[in-house]
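Chemist: no letters, just coordinates:
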């Protein structure tokens, strides 16, 4: 059972998203996208659908924040948004 991929029902996904404040329209668009790709991302089966949904929402929020900055006339530099490296380069 552990090796089988768990495909959520649309109701399960919407309920999960609601518990984290993710709009239903976002959950449904993620669900439609994932099911249309046979529950694969980059050719790899989705093993953790909750994590995949949270990542989808995180990217959406990041894009919204970028658009807000651009609309305010602020410059946007992708390098500012990058996470720091865990290890120094060259090691």
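Modeler: That came through fine. Nothing here was measured: the structure is a model prediction, and the numbers come from that model.
Chemist: packing partners for the lengthiest helix in the chain?
Modeler: Longest helix in the chain by number of residues, with DSSP state H as the criterion: helix 49-71. In this structure, helix 49-71 packs against helix 10-19, helix 24-36, with contacts taken as 3 or more C-beta pairs under 8 Å, 6 or more residues apart in numbering; DSSP states H and E. Any C-beta I mention is one placed from the backbone N, CA and C, and that applies to glycine too.
Chemist: show me what the last one is packed up against.
Modeler: For helix 24-36, the helices and strands in contact under the criterion 3+ C-beta pairs under 8 Å, 6+ apart are helix 10-19, helix 49-71.
Chemist: contact partners for the most centrally placed residue in the chain?
Modeler: In the chain, the C-alpha closest to the average C-alpha coordinate belongs to residue 56, at a distance of 1.6 Å (C-alpha atoms, centre = their mean). Neighbouring residues of residue 56 by C-beta atoms under 8 Å, 6 or more residues apart in numbering: 26, 30, 33.
Chemist: now do it against residue 74, distance only.
Modeler: Distance of residue 56 to residue 74, computed by C-beta to C-beta, to the nearest Å: 26 Å.
Chemist: try residue 48
Modeler: 35 Å.
Chemist: picking that back up, any quick ChimeraX command for the buried ones out of the contacts of residue 56?
Modeler: One line in ChimeraX is enough to select the buried ones among these; burial here means 16 or more other C-beta atoms under 10 Å:
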select :30
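Chemist: on that earlier part again, tell me what angle the longest helix of the chain forms with helix 10-19.
Modeler: Angle between the axes of helix 49-71 and helix 10-19 is 50 degrees (criterion: axes from the mean of the first three to the mean of the last three C-alpha atoms, to 10 degrees).
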